[in-house]
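Novice: Let's see this in three dimensions:
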Amino acid sequence: MATVEIIFATNNANKVKEIKAVTGNLLTVLSLADAGIDIDIPEPHDTLEANASEKSKVIHGLTQKNCFSEDTGLEIVALNGEPGVKSARYAGDERNFQANINLVLHKLLTKENKTAQFRTVISLIWNEQEYLFEGICKGKIIAEQKGTEGFGYDPIFVPDGANKCFAEMSMDEKNQYSHRKKAMSKLLEFLLNQTK
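Specialist: Residues are numbered from 1 along each chain as shown. Prediction:
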C-alpha cells in the first residue's frame with residue numbers, strides 16, 4: 001500500500017504533520033503545496049461534514065485524483081456546541097487562535113460545566129465515490145493556557161483520561177487521544193480493505 005498517493009486538501013502545515021504521523025509509510029500524503037496547488041478553499045457551510053465535503057470535492061474537481069479533506073471543531077457543552085464549525089474563525093475572519101482562546105475563556109468564566117469535545121470529519125473521495133469518517137475526543141476546557149506544542153485550542157483542552165492538555169503533549173502522546181487520529185485510522189482501515 002506504500003505506493004498509494006493521496007492529496008490532503010489543506011494548507012495547514014500542522015494538520016499535515018499530524019496526519020503524516022498517523023499514516024507513517026502506509027500512505028503517501030501530499031499537501032496542497034506538495035501537489036502544486038495554490039488555493040484557499042472556502043468553508044461556507046454550517047456543518048463540519050459539509051465543509052469537509054466541499055474541500056475534497058473542489059480538489060477532486062481540479063485534479064481528478066483521489067483526495068481527502070477534514071474539518072474539525074471544538075464543541076463546548078456550556079456554549080451550546082460553540083465554537084463548533086466556526087472554531088478557526090471564532091473571534092474573527094483573521095483566524096487568530098490566541099483571540100479565539102481568549103473569547104472561549106471569557107465566555108466560560110461564569111459557566112461551571114467545562115465539558116467539551118473535539119470532533120473531526122474527514123471526507124474521502126476514492127475512485128469517484130465520497131466516504132465520511134468521524135473522530136471524537138471528549139475532554140474539558142481548563143481556565144489557564146498551558147504548553148507550547150500543537151496548535152489551535154490545544155493549550156486549553158485536556159482529553160478525558162489525561163492529566164495534561166494537548167499543548168503539553170508530544171505528537172505520540174496526543175495521538176493516543178486525538179480526534180483527528182481516530183478519524184484517520186478509520187480512513188486507513190477503509191483504504192487497506194480497498195487495496196488488498
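Novice: Quick check on residue 8: phi, psi?
Specialist: With angles defined as degrees, to the nearest 10, residue 8 sits at phi -100, psi 110.
Novice: For it, grab the count of nearby residues.
Specialist: Neighbour count for residue 8, taken as other C-beta atoms under 10 Å: 27. Glycine gets a C-beta too; all of them are placed from N, C-alpha and C.
Novice: Tell me how far residue 99 lies from residue 106.
Specialist: Note on residue 99: its distance to residue 106, by C-beta to C-beta, to the nearest Å, is 10 Å.
Novice: Who has more neighbours out of the two?
Specialist: Using other C-beta under 10 Å, the more surrounded residue of residue 99 and residue 106 is residue 99, with 13 against 10.
Novice: and that one, what does it touch?
Specialist: 90, 91, 92 (C-beta atoms under 8 Å, 6 or more residues apart in numbering).
Novice: how many other residues sit next to residue 56?
Specialist: Count around residue 56 with other C-beta under 10 Å applied: 27.
Novice: A helix includes it, no?
Specialist: Yes. Read with DSSP: H, G, I helix; E, B strand; the rest coil, residue 56 is one of the residues of a helix.
Novice: does the residue sitting nearest the centre point of the chain sit in a helix, a strand or a coil?
Specialist: When C-alpha atoms, centre = their mean is applied to the chain, the residue found nearest the centroid is residue 72 (4.0 Å). Following three-state DSSP, the label given to residue 72 is strand.
Novice: Distance-wise, check it relative to residue 30.
Specialist: Applying C-beta to C-beta to residue 72 and residue 30 gives a distance of 20 Å.
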